[in-house]
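Undergrad: Provided below for reference: sequence and predicted model.
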Amino acid sequence: MTDSPATRSDREAVITVRGLRNQFGPQVVHDNLDLDVWKGEVLGIVGGSGTGKSVLLRTIVGLNRPAAGSINVLGSDVLHGSREERLRAEKQWGVAFQDGALFSSLTVLQNVEAPMREHLKLSASLMKALGELKISLVGLPQLACGKLPSELSGGMRKRASLARALALDPAIVFLDEPTAGLDPIGAAAYDELINELKRSLGLTVFMVTHDLDSLYAICDRIAVLAEKRVLFEGPIEGMTEIDHPWVQEYFTGPRARAAQEKT
Ligand SMILES: Nc1ncnc2c1ncn2[C@@H]1O[C@H](COP(=O)(O)OP(=O)(O)OP(=O)(O)O)[C@@H](O)[C@H]1O
C-alpha cells in the first residue's frame, strides 16, 4: 500500500462534485457526474475527445454554469453559496489554461501580479517581490519578468501561466493540457516541476491531460470520463484491468506501454 493521498484512510476531499449535469442545447455533456478530489493528490482527468474534460474543469472554477448539481471546494459551496463564499474558494485556487491565456499586453511579471492586484492589498514593491519569486519558482529566468507573452517560447508561456496560477499561494491548481505542444524534454521538465511543487507546497493538482507520460510520471489517481460521467477512478496501475473499450485501448496501447516503461 502506498502512502499516496489517493489511498490513505484519512484522506480529505478538497473538491466534491455531486450530480453534475452540463448541457449545451440538446447535447448533454455530463449527467449525474460525481467526483472527489483528495487533498495533496495529482488527479489526472482523461477521456476521449469531447467527453467534457475541459467543461468539467471550467465548471468547477465557475466559467461554466451547470444545469444541475453541487460543487464544494474547500468547504465552500461554489454554485449556490454567497458571493463571499465563492470568492473565498476562488482565492484558494489557480488555473493554468492550455494556451496560457496570459494578458498579451502585460509583461510576465504584470501577468503574475494581476491576481494579487485583484484580490490582495499589497504595496507595489511587495507585489513585485512576490511576483519575481513565483516566476523563479516555476524555473523561469528573471529576464522573463519584463517580456511580453509573445516574446516567450511555448514552454516558457506555460510556465508563466503556472506562475500566475500560483500568485495567491493556492491550495489547488487546475491545469488544462499543461504539456500539450511541448517537446518530450520540455514536457518531462514540466512534469518534474509539478511533482516538485506538489512536494514542496503540498498542492492539490487537478489536471486535464492526454499525455500518458505525465499520467505515469505524476498522477496519484486517474479519473476517466466516459458515458457523461466519471466512469472509473483509481491509481493508474489498475487502469489496464478495466474492461471498457476506450480504457483498454488507451491504457494498453503502444503509447501507454512506452510511457509505463519509462517509469
Ligand atoms: N460553450 C459551449 N457551447 C456549446 N458546446 C460546448 C461548449 N463548451 C463545450 N461544448 C461541447 O461540449 C463537449 C465537451 O467539450 P470539452 O472541451 O470539455 O471536451 P474535452 O473532453 O476537453 O475534449 P478534448 O479532449 O478534445 O479537448 C464538446 O462536444 C463541445 O463541443
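TA: Perfect, thanks for sending it.

Undergrad: quick one, helices of the stretch 101-250 of the chain?
TA: 108-119, 124-137, 154-165, 184-201, 212-218, 245-252 (DSSP state H, counting those that start in this stretch).

Undergrad: among the ones you listed, which is nearest the ligand?
TA: helix 245-252 (11.8 Å; Cβ to the nearest ligand atom). No exception for glycine: its C-beta is placed from N, CA and C like everyone else's.

Undergrad: contacts for whichever helix or strand comes after the closest one, please.
TA: Downstream of helix 245-252, the first helix or strand assigned by DSSP states H and E is helix 254-262. Around helix 254-262, the neighbours that count as contacts under Cβ atoms under 8 Å, 6 or more residues apart in numbering are 212-213, 215-217, 240, 250.

Undergrad: what about 7 Å?
TA: Contacts with helix 254-262, where a contact means Cβ atoms under 7 Å, 6 or more residues apart in numbering, come from 212-213, 216, 250.

Undergrad: next, give me the two most distant ones among the residues you listed.
TA: Farthest pair in these (Cβ to Cβ) is Asp213 and Tyr250. Separation: 13.4 Å.

Undergrad: that older thread, which of the contacts of helix 254-262 sits closest to Thr51?
TA: Nearest to Thr51 among the contacts of helix 254-262, with distances taken as Cβ to Cβ, is Tyr250, at 11.5 Å.

Undergrad: how many residues are close by that closest one?
TA: Neighbourhood size, Tyr250 [other Cβ atoms under 10 Å]: 22.

Undergrad: could you do the one 10 residues further on as well?
TA: Counted with other Cβ under 10 Å, the burial measure for Gln260 works out to 17 neighbours.

Undergrad: do you know how far it is from Ser104?
TA: According to Cβ to Cβ, to the nearest Å, Gln260 stands 39 Å off from Ser104.

Undergrad: what does Ser82 give?
TA: Applying Cβ to Cβ, the value for Ser82 to Ser104 is 34 Å.

Undergrad: where exactly do the strands run in the stretch 1-150 of the chain?
TA: 13-24, 27-38, 42-47, 68-73, 76-77, 93-96 (DSSP state E, counting those that start in this stretch).
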